[in-house]
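Visitor: Can you look at this prediction? I've put the sequence above it.
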Amino acid sequence: MSYWYSPSTCGFYPTNRKGKGKPKDAVLVTAAEHEALFPPDQPQREIETGPDGKPRWRSYGLSEKRRDAMFAIKAEAARRIDAIMPLHRQLNALRAGDDSIETCADFASIDAIRVASNLIEQDMLASDDPEAFPVATHPLWPEKKA
């Protein structure tokens with residue numbers, strides 16, 4: 001099914017819409033063009049109006065790419081910390097005053113991940129291509145706990 005796309009409303013309207021007309025600024029978008037904007041196997045991206053009036057994925061600048069890479073680094077650090085000691089276990093250990101060797105080693109590993117995360121963020125900010133930055137495989141991540 002084809003759609004009308006209105007730059008003023010940033011909305012899609014089916015061409016077979018009954019009872020209401022299309023917006024005055026609407027341009028025709030083929031079914032293939034519409035499907036390309038919403039691939040089922042990829043996360044949704046923001047849509048903007050291109051110079052021809054048709055919708056397209058919003059192009060991101062360097063600052064937005066760095067922001068996304070920063071979120072990815074923080075998520076990777078959180079994933080690694082959670083694999084060592086989930087938050088509820090951290091809180092229980094702190095409340096109980098658990099100072100066993102194993103718990104201290106876990107907290108030391110968590111601290112090492114946090115330090116590495118900060119250094120990796122600085123490294124990414126100096127990168128010219130944050131989209132290609134190796135977040136999960138960066139060499140500054142500490143080795144996994146034995």
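Guide: Yep, that arrived.
Visitor: rest of the way, CA atoms for contacts and neighbours
Guide: Fine.
Visitor: Counting by contacts, list what the lengthiest helix in the chain packs against.
Guide: Using DSSP state H, we find that the single longest helix of the chain is helix 101-125. Here helix 101-125 touches helix 62-84, going by 3 or more Cα pairs under 8 Å, 6 or more residues apart in numbering; DSSP states H and E.
Visitor: Show the subsequent helix or strand relative to the helix it packs on.
Guide: helix 87-96 (DSSP states H and E).
Visitor: contacts for that next one?
Guide: Residues from elsewhere that reach helix 87-96, judged by Cα atoms under 8 Å, 6 or more residues apart in numbering: 99, 103.
Visitor: Would you mind listing the buried residues in that helix?
Guide: 90, 93 (16 or more other Cα atoms under 10 Å).
Visitor: Compute the number of surrounding residues for residue 85.
Guide: By the criterion of other Cα atoms under 10 Å, residue 85 has 17 neighbours.
Visitor: got a list of what it touches?
Guide: Residues near residue 85 by Cα under 8 Å, 6+ apart: residue 106.
Visitor: Return the distance of it relative to residue 27.
Guide: Distance, residue 85 to residue 27, by Cα to Cα, to the nearest Å: 53 Å.
Visitor: Okay, buried residues for the longest helix of the chain please.
Guide: By neighbour count on 16+ other Cα under 10 Å, the buried set for helix 101-125 is 103, 106-107, 109-110, 112-114, 116-117, 120-121, 124-125.
Visitor: Tell me where the model's unsure across this structure.
Guide: The model of the chain has pLDDT under 70 over residues 19, 42-43, 145-146.
Visitor: any idea how it splits into domains?
Guide: 3-57, 62-132 (automatic domain parsing).
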